[in-house]
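Novice: Here is my input, please return the structure:
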Amino acid sequence: MLEEILPSGVATVATRSEISDAPLFPSEEIAIGRAVEKRRREFVTARACARAALERLGIPPQAIPPGPKGEPQWPPGVVGSIAHCRGYRVAAVARKAEFATVGIDAEPDEPLPEGVLGDIALPEELRWLRAAPRRPPGVSWDRLLFCAKEAVYKAWFPLTGRWLGFEDAVVTIDAERRRFTARLLVPGPELGGLERAGFAGRWLARDGLVIAAIAPTVREFGA
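Specialist: Modelled structure (predicted):
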């Protein structure tokens, strides 16, 4: 499903089931050693997806330990992103020579818990949500907004190494074309001598999920 909204040069692997018997590398085992069982299952399955995606790029299995902020530490020359939610795990990877960054997220297609929207949405985003179209049917637009903002953060962090709050980017959703843009409200990453002012991505709602993805090519992003 995710591959439908990503360029062909990005390799993706997803699963709806746990892969609890997949082996971990020593550095991964150390990182996850004290995690509760639910978190361990998520980690093991996501890493299995990530290694399978790397193999599609011709890269042999290797460790993908979490970094200081929990971000996947990809092999040299690789950019990628991992997402997981209830009943779904997915990884997307690409070669750094071709893509500037990759950011993905997946969420259940259901309204956000009470009180969350006010914490993640800016005034203009709230105005759009109040007038959001009823088509496509069955899309939880508030959850999609959250999903898109998570994808923005995952694309942003590898380029900057800095935190990006929900209030630091305005997301505009194109309901008809199933695309979205994010306008940064803080200084953006500098690539190719230019400061990037935002990101553009695509989204999809299907099978009880909303997913969002960002994968600018090096040429598009001026890296």
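Novice: partner residues bridging Val170?
Specialist: Residues in a beta bridge with Val170, per DSSP bridges, are Arg183.
Novice: Next up, the contacts around it.
Specialist: 122, 124-125, 182-183, 185 (CB atoms under 8 Å, 6 or more residues apart in numbering). To be clear about C-beta, it is placed using only N, CA and C from the backbone, and glycine gets the same treatment.
Novice: Can you check those residues and name whichever has the most neighbours?
Specialist: Ranked by neighbour count (other CB atoms under 10 Å), the contacts of Val170 have Ala182 at the top, with 25 neighbours.
Novice: circling back to that earlier point, nearest to Val10 among the contacts of Val170?
Specialist: Comparing the contacts of Val170 against Val10 with CB to CB picks out Ala182 as the nearest, at 18.4 Å.
Novice: pretty sure that closest one contacts Val171?
Specialist: Yes. Applying CB atoms under 8 Å, one finds Ala182 in contact with Val171, separated by 5.1 Å.
Novice: Next, show the common contact partners of these two.
Specialist: Shared contacts of Ala182 and Val171 (CB under 8 Å, 6+ apart): 148-149, 152.
Novice: and the residue of the chain positioned farthest from its centre, what is it in contact with?
Specialist: Within the chain, the residue lying farthest from the chain centre (CA atoms, centre = their mean) is Ala131, at 26.1 Å. By CB under 8 Å, 6+ apart, the contact list for Ala131 is empty.
Novice: How much space separates it from Pro111?
Specialist: 17 Å (CB to CB, to the nearest Å).
Novice: can you check Trp141 too?
Specialist: 9 Å.
Novice: One more: Thr12?
Specialist: Thr12 is 27 Å from Pro111, by CB to CB.
Novice: repeat for Thr172
Specialist: The gap separating Thr172 from Pro111 is 20 Å, by CB to CB.
Novice: picking that back up, with the contacts of Val170 in mind, which one is nearest to Ile30?
Specialist: Closest approach to Ile30 among the contacts of Val170 (CB to CB): Ala182, at 34.6 Å.
Novice: and that closest one, what does it touch?
Specialist: Contacts of Ala182 (CB under 8 Å, 6+ apart): 148-149, 152, 169-172, 198-201.
Novice: how about a cut-off of 6 Å?
Specialist: With contact taken as CB atoms under 6 Å, 6 or more residues apart in numbering, Ala182 is in contact with 152, 169, 171, 198-199.
Novice: Distance to Pro23 and neighbour count for these - can I get that in a markdown table?
Specialist: Output for those, formatted as a markdown table (distance: CB to CB, whole Å; neighbours: other CB atoms under 10 Å):
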| residue | distance to Pro23 | neighbour count |
| --- | --- | --- |
| Val152 | 33 | 26 |
| Ala169 | 38 | 23 |
| Val171 | 38 | 27 |
| Gly198 | 40 | 16 |
| Phe199 | 35 | 27 |
